[in-house]
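1. Sequence first, then the predicted structure:
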Amino acid sequence: MIFTRSSISEKETDFYCATNQIFETLLEEIKFHAFSRGYLTRQDSELLIKYYSSWTRASNVPYTGYCFTQRLKNLARFISECDNTVPSVLDCGCGMGSESIACTLLGAKVVGVDLSKKRIGIAKKRLGYYKDRHGIRLDVNFLCKEVLKYRPKVKFDIVYAKEFISHVWSLPAFFKFARDVLKERGYLIITDANLFNPFIAFKAYLDHRTALFTVVDDPETSEKVLYARERLFSPRYIAKVFVQHGFKPTSTSILGYSPCVSRRFLSFARKLEGLASKVPIGAAYEISGVKIA
Ligand SMILES: C[S@@+](CC[C@H](N)C(=O)[O-])C[C@H]1O[C@@H](n2cnc3c(N)ncnc32)[C@H](O)[C@@H]1O
């Protein structure tokens with residue numbers, strides 16, 4: 001199902017439903033590439049399926065769908081409420097492009113930027129699927145570059161960063177960049193893994209035993225770019241950084257549970273999530289804020 005901005009605003013409060021249907025659309029597409037070489041090479045599709053392995057396992061689908069929709073519903077709301085006819089979104093560290101594709105399905109025009117040639121290559125090839133299967137040319141431009149060096153000609157309505165600030169160097173440089181590329185009253189949305197989730201913190205600890213940072217090549221200049229390994233923050237800290245950089249936080253949510261929960265335990269896990277809402281240990285957080293003068 002492809003959404004238009006009007007079909008979303010008709011539903012008004014039902015952004016959760018809209019993003020959930022987009023999740024289903026993306027899932028159908030990802031599963032399609034597992035069996036078809038129509039758009040992606042075998043190597044590409046293996047990478048895509050591996051990255052989204054938790055999505056494609058049937059017993060996980062309700063959980064991953066729940067997390068995906070929770071993390072995207074504010075973005076859907078901002079796109080729908082934006083004054084511009086077609087709001088513009090910058091997806092920082094867009095990876096293989098799922099959230100960029102989701103934004104265009106929600107009616108925005110998107111620039112998705114990532115350092116990885118491989119991932120951007122896959123993201124570009126995925127667009128062909130939507131053109132052929134759904135008859136739409138998605139309004140998204142994927143760029144392979146170090147996002148902090150990106151100097152757009154026109155400012156954006158929304159800057160989106162999912163699972164990105166745990167890698168980018170440095171955090172203040174990213175906030176400054178986001179401020180520079182956003183219009184006045186534009187929104188910054190950050191969603192990432194939560195430092196206070198014990199399982200996630202332990203996984204990061206294991207990762208950090210070998211190194212806190214690695215380096216990758218800038219795809220344009222071949223200069224070395226620092227790449228943090230699972231550098232986790234607490235939502236409270238990130239909310240403070242929003243304020244320090246001239247953003248007024250508009251919402252904070254803590255969501256999901258980790259490790260991943262199978263269908264059988266989902267209702268129990270949701271009850272626990274409700275009970276534990278006072279203790280911010282959910283797997284991920286999402287903070288949005290508006291740029292103020
Ligand atoms: C964990 S992935 C997240 C991808 C996608 N946003 C998602 O949620 O699936 C982080 C991505 O950020 C990209 N990245 C990290 N630092 C970057 C930088 N300075 N400029 C552009 N992309 C960067 C990486 O190449 C990687 O694809």
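-> It's in. The shown structure was predicted, so the numbers you read here are calculated from the model rather than taken from an experiment. Residues are numbered from 1 along each chain as shown.
2. Now do the strands in this structure.
-> Ranges of strands in the chain, per DSSP state E, are 88-92, 109-114, 140-144, 156-162, 182-193, 213-217, 224-228, 247-255, 284-291.
3. what lines up beside the longest one in the sheet?
-> By that I understand strand 182-193. Note on strand 182-193: by DSSP bridges, its sheet partners are strand 156-162 (parallel), strand 284-291 (antiparallel).
4. of all those strands, which lies closest to N60?
-> With CB to CB as the criterion, N60 lies closest to strand 284-291 of the strands paired with strand 182-193, at 15.2 Å. Every C-beta, even on glycine, is put in place using the N, C-alpha and C of the backbone.
5. Run the angle between that closest one and strand 247-255 for me.
-> Interaxial angle of strand 284-291 relative to strand 247-255 (axes from the mean of the first three to the mean of the last three CA atoms, to 10 degrees): 160 degrees.
6. Deepest-packed of the strands paired with strand 182-193, please.
-> strand 156-162 (a mean of 24; mean count of other CB atoms under 10 Å).
7. picking up where we left off before, the strands of the chain: which one's closest to S267?
-> strand 247-255 (16.0 Å).
8. returning to what we had before: confidence-wise, which of the strands paired with strand 182-193 is weakest overall?
-> Ranked by mean pLDDT, those bottom out at strand 284-291, with a mean of 94.
9. contacts for that strand?
-> 67, 70-71, 74, 78, 179, 182-194, 235, 238-239, 242, 246-256 (CB atoms under 8 Å, 6 or more residues apart in numbering).
10. now check it, is it near the ligand?
-> No - Strand 284-291 is not in contact with the ligand by CB under 6 Å from any ligand atom; minimum separation 10.3 Å.
11. Now find how far off-centre that strand is within its chain.
-> Computed by CA atoms, centre = their mean, to the nearest Å, the separation of strand 284-291 from the middle of its chain amounts to 12 Å.
12. Pull that strand out as PDB, backbone CA atoms only.
-> The C-alpha trace of strand 284-291 is given here as PDB (Å, rounded to 0.1, in the frame of the first residue of the first chain):
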ATOM      1  CA  ALA A 284      15.900   2.300  21.900                       C
ATOM      2  CA  TYR A 285      15.000   5.900  22.300                       C
ATOM      3  CA  GLU A 286      13.600   8.500  19.900                       C
ATOM      4  CA  ILE A 287      14.000  12.200  20.600                       C
ATOM      5  CA  SER A 288      12.700  14.900  18.400                       C
ATOM      6  CA  GLY A 289      13.300  18.600  18.600                       C
ATOM      7  CA  VAL A 290      12.600  21.800  16.700                       C
ATOM      8  CA  LYS A 291      15.200  24.300  15.700                       C
END
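13. re earlier: go through the strands paired with strand 182-193 and name the closest to W169.
-> Nearest of those (CB to CB): strand 156-162, 13.6 Å.
14. hmm, who's touching that closest one?
-> 71, 75, 78-79, 82, 84, 87-93, 99, 103, 108, 111, 168, 174, 178, 181-183, 186-192.
15. is the ligand contacted by that strand?
-> Yes - under the criterion of CB under 6 Å from any ligand atom, the ligand is reached by strand 156-162 at K162.
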